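Undergrad: Give the three-dimensional model of this entry:
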Amino acid sequence: MNYDALMDEAIALALRGRGQVEPNPRVGALALRDGQIVGRGWHRAWGGLHAEPEALRDAAENGVNPDSVVVTLEPCSSKGTGKKQPPCVEWLLEAGIERVVVGATDPDPRHVGGGLEQLRQAGVEVITGVRADACHAINRAFDRWLSLARPWTIAKWAMTLDGKIAAASGDSQWISSAESRRRVHELRARVDAVVVGFRTAQRDDPRLTVRDAEGANPIRIVVDPRGELSPDRGVVQSAGEVPTWLLVREDAECDALEATEAEIVRCPTVDDTLDVAAAWAALRELGLRRVLVEGGGALFARLYESDCVDQVLAFVTSRLVGGREAPTPFDGRGSATIESAFRLDEWWWDAPAGDGAGEDLVVHGVFH
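TA: Below is the predicted model:
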């Protein structure tokens with residue numbers, strides 16, 4: 001049987017999940033019966049069903065009981081903190097799979113090889129190392145995640161074709177299309193928290209909730225070093241309905257905010273401002289694994305300078321604003337040269353489909 005060709009097809013399936021599953025690995029799987037493909041699956045979204053049960057369900061819908069599975073990454077076997085789905089090993093054993101063909105082993109040192117060993121002990125034939133290098137190459141973002149002591153961080157913005165996130169007046173509604181905004185709401189429902197800087201929260205008074213999609217509201221976080229956010233802002237007023245955290249300096253005097261239902265998280269200070277790297281490490285300790293940052297430019301710059309951005313999502317419209325005073329996505333010092341500029345290790349683009357409202361170009365990118 002040509003397992004290399006089958007694994008290449010599984011890799012192609014895995015790549016359908018890029019931009020949606022990170023920091024979890026991109027995984028594709030094929031269900032086979034007598035050497036023929038009877039089901040296909042891939043990990044579609046962070047927190048969603050994994051590739052192996054997707055392939056098994058596809059086979060069941062086709063009315064076939066598979067005997068083998070080809071999968072790009074070792075089936076997961078662990079339970080506990082951070083796990084949103086049952087172990088794939090259990091799905092495979094329950095389905096009566098007799099053979100599992102694996103591309104790359106799990107790089108997580110906590111349970112590398114554990115799924116393979118469980119399958120072997122249950123009498124399943126396990127074949128490993130098929131197109132291993134190619135299977136590992138599609139998950140370099142997952143390798144990065146394993147080295148992090150902070151949440152996986154997605155930076156999202158909408159901008160005009162000339163790189164402006166608002167007019168000089170500050171007006172920014174709406175740069176992106178209705179379809180793009182819907183996609184952002186879907187993403188909010190799949191992260192642990194959505195984050196903005198003080199100026200964005202104070203000026204735009206965003207709700208930062210899930211409204212145009214199904215799903216629960218994430219925690220809302222405002223990075224407010226000096227504790228200056230007005231208590232009458234919507235995120236503060238509704239903190240009793242949607243959990244809201246305010247990240248402030250250790251020495252910030254914010255009695256008015258402490259009197260509200262928002263949670264004050266005091267963070268270390270560096271260079272007379274909030275230490276972003278330390279704050280992000282604290283978020284991980286508080287249980288956050290995946291956060292979405294929606295601006296503004298000063299916060300984006302601080303995060304990039306602190307190596308605290310892993311993924312970007314930019315909605316680019318056909319509008320042109322112009323003007324020296326119109327803001328761009330990033331403030332801060334910026335790169336002194338083109339050679340020293342931040343460079344995405346992987347990037348791609350698409351255009352959302354919609355009923356005439358999906359005209360934006362969507363640019364995705366990941367750092368390895």
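Undergrad: List the neighbouring strands of the helix or strand containing K156 plus their orientation.
TA: Secondary structure from DSSP states H and E places K156 in strand 152-159. When sheet partners are counted by DSSP bridges, strand 152-159 sits next to strand 290-293 (parallel), strand 311-316 (parallel).
Undergrad: Following element in sequence after the last one, please.
TA: Looking back up the chat, that one is strand 311-316. strand 346-350.
Undergrad: residue boundaries of the strands in the stretch 201-350 of the chain?
TA: Along the stretch 201-350 of the chain, the segments classed as strands by DSSP state E, counting those that start in this stretch run 219-223, 244-249, 263-267, 269-270, 273-274, 290-293, 311-316, 346-350.
Undergrad: Quick check: pLDDT value at E214.
TA: Here, the pLDDT recorded for E214 equals 88.
Undergrad: tell me the contacts of the closest residue to it other than its chain neighbours?
TA: Sequence neighbours aside, A189 is the residue nearest to E214 in space, at 6.8 Å (criterion: CB to CB, 6 or more residues apart in numbering). All C-beta atoms are positioned from the backbone trio N, CA, C, and that covers glycine. Counting by CB atoms under 8 Å, 6 or more residues apart in numbering, A189 touches V210, A213, E214, G215, A216, N217, P218.
Undergrad: Need the buried ones from those residues selected in PyMOL.
TA: Typed into PyMOL, the next command selects the buried ones out of those (criterion: 16 or more other CB atoms under 10 Å):
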select buried, resi 210+217+218
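Undergrad: do you know how far N2 is from V101?
TA: 11 Å (CB to CB, to the nearest Å).
Undergrad: So if I had to pick from those two, which one is more boxed in?
TA: Shown here are N2 and V101; by other CB atoms under 10 Å, V101 has more neighbours (24 against 8).
Undergrad: mind listing the helices in this protein by residue range?
TA: Counting by DSSP state H, the chain has helices at residues 3-14, 51-61, 88-94, 114-121, 132-137, 140-146, 178-188, 198-204, 234-237, 255-258, 276-285, 297-305.
Undergrad: For the residue nearest to L344 when sequence neighbours are not counted, grab the count of nearby residues.
TA: Spatial nearest neighbour of L344, chain neighbours left out: G365 (3.7 Å); criterion: CB to CB, 6+ apart. G365 has 20 neighbours, counted by other CB under 10 Å.
Undergrad: hang on, G365 packs against E346?
TA: Yes: using CB atoms under 8 Å, G365 is in contact with E346, at 6.6 Å.
Undergrad: Select, out of the strands of the stretch 201-350 of the chain, the one closest to A12.
TA: Across these, A12 has its closest neighbour in strand 346-350 (14.2 Å, CB to CB).
Undergrad: Surely E9 touches A29?
TA: No: under the criterion of CB under 8 Å, E9 is not in contact with A29, lying 10.1 Å apart.
Undergrad: Who has more neighbours out of these two?
TA: Set E9 next to A29 and count neighbours by other CB under 10 Å: A29 wins out with 30 against 14.
Undergrad: Would you enumerate the residues in contact with the more buried one?
TA: 10, 13, 40-42, 51-52, 54-55, 69-72.
Undergrad: ok so, going back, pipe the strands paired with strand 152-159 into a markdown table and attach mean neighbour count, mean pLDDT and distance to E253 per row.
TA: Below are the strands paired with strand 152-159 laid out as a markdown table (neighbours: other CB atoms under 10 Å; pLDDT from 0 to 100; distance: least, CB to CB, whole Å):
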| stretch | mean neighbour count | mean pLDDT | distance to E253 |
| --- | --- | --- | --- |
| strand 290-293 | 24 | 97 | 26 |
| strand 311-316 | 21 | 94 | 35 |
